[in-house]
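**Q** would you be able to build a 3D model of this:
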Amino acid sequence: MTQLHYFLSGNTSQGHISLIPETMKQLQYLILIDGPFSSENGEIMDRLHKQLSNNEMLELELIHHPSSPQQLQAILLPRYGLGIISSAPPAMIETTDFKGSIITLNVYDFYNLEIIDQHKAAIDALGEQIYKNHLHAYRSYEQALVIHDEWEKIYIDAMDYGKANQFADQLADKLFPTLGDQPFSAPIHRFLGAATPDGAVDYVPILTEGLKRYFIKGRPGSGKSTLLRKLVQKGIDQHYQLEVYQCGLDPNSLDMVICRDLGFAIFDSTAPHEYFPTEREDHIIDMYELCITAGTDEKNASSLHEISTRYKLQMAEGNVALALAKQFQLERATLTRPALDTEGILELEQLILRNIETLIGFQNGVL
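**A** Here you go, the predicted structure:
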């Protein structure tokens, strides 16, 4: 069974950002798990995943929740145009513009409101703490990005743009040597990783398995994201299907591009998603050596140390706030979970799974 893991939403310097609405445009069938609490929604998603995993022929894409990466926010079956997506505050899913077929599991209807009302004050108070800590995290990441801009400026001022542009053009010609014969297809956008209660999390090894990998090394501001943008444009011009992975801190920045048609992945391999070659065809691209004036690290050692320390502390503050929010979510779940009619939910889950089996059989010509 093939299973890809990645994020479609993130706790970023711009707040909570979701790419799920764009992903939904690629779907024909949507199963919406619509409930008031992400904890119970997550348990439903987990059970559905385990059942689907029993079919070893299915290719699944597992979308993790950035505020609780052990939980799934969505399960995609791209071959069948099907998505199972969790919708819970504050990450509610709007389906008004969805053009395909929708089945909704309305989790709201399965809560015993008498039990909820008994704990309403505590549930509301915990919800407020969850909200406040997420807001604190977003503000911390916003400030961290400001500090990161200081870090970048040191290297931007030492950049040889002529060398950077020349290298980008040469690499683009190497990676996309011929015109793709398929019709134009818009890039698929995802997040490389996410800031989570457990720190930075990514699935680069899984996403790049079996591909020729280019590890971009360098410093902040040494042109890594700009290089990736130029490659994306060349791939689009050549009509290749691309997976474009945005930065979990700064969604405007790119961290990875994958072209499975051509069998390669190229990604920013610096902290917090730092990896090193392990396969024979792995290749390192060092933007510092290629484009930055020699001695820049040594010349600015004191400033770089001070900026790096401030940046790490600011990121850590955001991560702590997310961890607190998750702890409050767990406390809230101890109050809300007993109010859920689990047997009723399980019956609907089985109905949903039978519908999925019917769809798969129909599309495979079995029915």
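**Q** which stretches of the stretch 51-200 of the chain form helices?
**A** 113-118, 120-156, 161-175 (DSSP state H, counting those that start in this stretch).
**Q** of the ones you listed, which stretch is the most buried?
**A** Of all those, helix 120-156 has the most neighbours on average by mean count of other C-beta atoms under 10 Å, namely a mean of 18. Quick note: C-beta positions are derived from backbone N, CA and C, even for glycine.
**Q** before we move on, back to that, residue 248: which of the helices of the stretch 51-200 of the chain is closest?
**A** Go through the helices of the stretch 51-200 of the chain one by one with C-beta to C-beta and the one that ends up closest to residue 248 is helix 120-156, at 9.2 Å.
**Q** just how off-centre is that closest one within its chain?
**A** For helix 120-156, the separation from the chain centroid amounts to 17 Å (computed by C-alpha atoms, centre = their mean, to the nearest Å).
**Q** go on, stretch 306-317?
**A** Centroid separation for stretch 306-317 versus its chain: 23 Å, with C-alpha atoms, centre = their mean.
**Q** and residue 203, what does it touch?
**A** Taking C-beta atoms under 8 Å, 6 or more residues apart in numbering, we find residue 203 in contact with 4-6, 64, 193.
**Q** hang on, the earlier thing: let's have the helices of the stretch 51-200 of the chain in TSV, adding distance to residue 87.
**A** As requested, those are arranged in TSV below (distance: least, C-beta to C-beta, whole Å):
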stretch	distance to residue 87
helix 113-118	19
helix 120-156	16
helix 161-175	38
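**Q** do you know which of those lies nearest residue 102?
**A** When the helices of the stretch 51-200 of the chain are ranked by proximity to residue 102, the top entry is helix 113-118, at 25.4 Å, counting by C-beta to C-beta.
**Q** which residues are contacting that closest one?
**A** Applying C-beta under 8 Å, 6+ apart, the set of residues contacting helix 113-118 is 123, 336, 338-339.
**Q** now stretch 211-220
**A** 148, 151-152, 155, 224, 227-228, 258, 260, 263-270, 275-277, 279, 281-288, 292, 296-297.
**Q** what does the pLDDT read for the nearest residue to residue 122 once chain neighbours are set aside?
**A** Nearest residue to residue 122, sequence neighbours excluded (C-beta to C-beta, 6 or more residues apart in numbering): residue 335, at 6.1 Å. Predicted confidence (pLDDT) for residue 335: 97.
**Q** helix or strand for residue 335, which one?
**A** Per DSSP states H and E: residue 335 is located in helix 301-336.
**Q** restricted to buried residues, select the contacts of helix 113-118 in ChimeraX.
**A** Those of those that count as buried under 16 or more other C-beta atoms under 10 Å are selected in ChimeraX with:
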select :123,336,339
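**Q** mind putting the helices of the stretch 51-200 of the chain in CSV, mean pLDDT included?
**A** Listed next are these as CSV, based on pLDDT from 0 to 100:
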stretch, mean pLDDT
helix 113-118, 96
helix 120-156, 98
helix 161-175, 96
